[in-house]
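K.L.:
with the input below, show me the fold.
(one chain, ligands or ions: 1)
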Amino acid sequence: MDKKPVESTPLLEVKNLQTAFSINDSWHNAVDDVSFQVGRKRIVGVVGESGCGKSTAGRTILRLLEPTSGKIIFDGKDITEAKGTSLRKIRQDFQMVFQDPYASLNPMQMVGDVISEPIRNFTGKSTNQLKSEVMNLLTKVGLPEDAYYKYPHEFSGGQRQRIGIARALALRPKLIIADEPVSALDVSVQSQVLNLLKELQQEFDLTFLFIAHDLSVVRHMSDRIGVMYLGGLVEIADKKSLYAEPLHPYTQALVSAIPEPDPRKKKQRIILQGDVPSPIDPPKGCAFHPRCIHAMAECSQTKPALKEVRPGHQVACHLYNS
Ligand code: SF4
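P.N.:
Numbering: from 1, shown residues only. Sure, this is the predicted structure:
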């Protein structure tokens with residue numbers, strides 16, 4: 001029997017999220033009116049070029065950055081303005097795996113201490129209890145138990161990311177936000193770490209928000225995928241629909257750039273014109289219009305809203321106004 005929980009009870013709901021920064025005395029939206037849901041025990045990927053706001057969105061959801069407006073609902077609770085003890089309590093349930101395993105580990109701490117620190121801080125468990133839990137976590141992420149007594153510099157990049165993953169798992173969170181977790185790793189190691197994350201997702205019933213610039217990596221991991229461009233979510237759909245029938249011209253260009261493994265199949269690549277405009281001063285109307293081959297008069301005037309044009313498939317583009 002399919003025990004997959006119903007998508008109608010999401011673990012995470014983001015509604016009209018906006019994160020703005022003040023630059024030279026004026027406000028600029030790094031995340032602009034982003035809304036989506038992540039179902040329990042599902043993996044939602046967020047993809048887009050660097051500077052599109054995907055990492056800022058992830059950090060805002062974890063409340064590492066303050067949202068300017070909008071709502072973040074986690075496990076049925078509005079956590080947008082949670083502070084102090086209630087924020088600390090919620091933080092046990094969501095964790096982050098960072099892009100750079102080198103920078104996110106304290107070089108002066110033994111790996112055992114790195115992993116046990118969150119458990120000690122939140123639960124006050126004894127050293128003996130902690131030790132057996134940490135040994136268990138090391139095994140789960142594919143590291144030997146004697147890694148406990150070593151320091152981060154004694155490990156390779158892939159192994160350090162495994163240490164970061166063990167630390168993220170230490171409090172048995174419900175949600176993990178993984179921000180480019182393999183982009184700093186050698187290609188040969190990337191798939192091992194991605195497969196590990198997938199195994200752990202099953203074993204620990206985790207929900208993932210998986211942020212990456214590489215569409216192939218996101219495809220490997222995700223059930224559903226959102227595409228961001230200059231701070232806005234331009235399309236979101238289940239993985240199959242997004243790759244088989246991308247609707248937004250930007251997504252169509254991204255999908256066309258994925259190499260086709262079968263050399264007999266010919267694929268026409270859409271080359272995008274121009275560079276990504278500055279997120280500090282995005283174009284009016286549809287932010288993609290200066291690069292879009294389908295741009296119409298209204299595209300430079302009116303920002304298209306994200307709307308469902310097929311079941312479960314939402315897109316923000318005037319081509320689908322009806
Ligand atoms: Fe292109 Fe217009 Fe659609 Fe934007 S709204 S993606 S400019 S067609």
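K.L.:
could you measure from Gly158 over to Gly164?
P.N.:
11 Å (Cβ to Cβ, to the nearest Å). For the C-beta atoms, the positions are set from N, CA and C on the backbone; glycine is no exception.
K.L.:
where are the low-confidence patches of this protein?
P.N.:
1-8 (pLDDT under 70).
K.L.:
return the residues of it in contact with the ligand.
P.N.:
Proximity of the chain to the ligand (Cβ under 6 Å from any ligand atom) is limited to residues 248-249, 286, 288-289, 292, 294-296, 299, 304, 317-319.
K.L.:
which one of the residues you listed is nearest to Gly231?
P.N.:
Phe288 (11.6 Å; Cβ to Cβ).
K.L.:
and the closest one, how many neighbours?
P.N.:
26 (other Cβ atoms under 10 Å).
K.L.:
surely it is in contact with Ala253?
P.N.:
No - at 9.7 Å, Phe288 does not count as touching Ala253 under the criterion of Cβ atoms under 8 Å.
K.L.:
residues contacting Asp78?
P.N.:
71-72 (Cβ atoms under 8 Å, 6 or more residues apart in numbering).
K.L.:
the stretch 51-200 of the chain: helices as residue ranges?
P.N.:
54-61, 84-91, 111-123, 127-140, 157-169, 187-203 (DSSP state H, counting those that start in this stretch).
K.L.:
distance from the host helix or strand of Trp27 to the middle of the chain?
P.N.:
Secondary structure from DSSP states H and E places Trp27 in strand 26-39. Centre-to-centre, strand 26-39 and its host chain are 13 Å apart (Cα atoms, centre = their mean, to the nearest Å).
K.L.:
show me what whichever helix or strand comes after it is packed against.
P.N.:
Sequence order places strand 43-47 as the next helix or strand after strand 26-39, per DSSP H and E. Using 3 or more Cβ pairs under 8 Å, 6 or more residues apart in numbering; DSSP states H and E as the contact definition, the elements that strand 43-47 packs against are helix 54-61, strand 207-212, helix 215-221, strand 224-229.
K.L.:
export those to JSON lines and tack on distance to Leu272?
P.N.:
Shown next, in JSON lines, are those (distance: least, Cβ to Cβ, whole Å):
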{"stretch": "helix 54-61", "distance to Leu272": "18"}
{"stretch": "strand 207-212", "distance to Leu272": "19"}
{"stretch": "helix 215-221", "distance to Leu272": "14"}
{"stretch": "strand 224-229", "distance to Leu272": "11"}
